[in-house]
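Visitor: fold the following, please.
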Amino acid sequence: METISVYLSSDHRCCDDYFATAEDHAAKRNWAAATASFEQFRSTMSHHFEMEEHVLFPAFEQETGITQGPTQVMRMEHEQMRELFARMAAAVTAQDADEYAGLSETLLILLQQHNLKEENVLYPMSEQAFGSRGEAVLQQMKEMSTVA
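Guide: This next block holds a predicted model:
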């Protein structure tokens, strides 16, 4: 049986792959490929954030009554990453490999820390809180994937 942890952690890996591809193209100054790869990465990350912010986090908060805890931290980190995405997109448009590399390094550190917190703390807490309702929450996230 697929769990929320397995599903979302797998999605993290997919996003990581797109991120690495975009970074590689930017480093090689292949700007057409960097643009396409970066947009694929940003789109995939945005979808991941939406699944969490519109399904997982509200369900967790409703189930536990905790609204000022881990979900608040994750939302703040999502905003930090969105700001980096905007700056990275501008660096790609400007064809500025050095700026992109610096922002990419910052994002990599943030992503690694963020994903560890979600995968080791929030997702397991969510599964424990949801119990059998976890399957319905997972299905809601999957349905967002088919609509997107």
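Visitor: any low-confidence regions in this structure?
Guide: Scanning the chain with the threshold set as pLDDT under 70 gives 146-148.
Visitor: swap the cut-off to 50 and go again
Guide: Applying pLDDT under 50 to the chain flags the ranges 148.
Visitor: got the contact list for the spatially most central residue of the chain?
Guide: The structure's the chain has its C-alpha centroid closest to Met45; by Cα atoms, centre = their mean the separation is 4.3 Å. When contacts are counted by Cβ atoms under 8 Å, 6 or more residues apart in numbering, Met45 is found next to 15, 81, 85. Every C-beta, even on glycine, is put in place using the N, C-alpha and C of the backbone.
Visitor: count the neighbours of the second one for me.
Guide: It stands for Met81. Neighbour count for Met81, taken as other Cβ atoms under 10 Å: 20.
Visitor: hang on, it packs against Gln112?
Guide: No: here Met81 does not reach Gln112: they are 11.8 Å apart, not a contact under Cβ atoms under 8 Å.
Visitor: on the three-state scheme, Ile66 is what?
Guide: coil (DSSP: H, G, I helix; E, B strand; the rest coil).
Visitor: how many residues are close by it?
Guide: Counted with other Cβ under 10 Å, Ile66 comes out at 14.
Visitor: give the buried residues for the helix or strand harbouring Met76.
Guide: In this structure, Met76 sits in helix 70-93 according to DSSP states H and E. The neighbour-count check on helix 70-93 (16 or more other Cβ atoms under 10 Å) flags 70-71, 74, 77-78, 81, 84-85, 88-89, 91-92 as buried.
Visitor: what's the answer for stretch 102-111, then?
Guide: Buried, per 16+ other Cβ under 10 Å, within stretch 102-111: 103-104, 107, 111.
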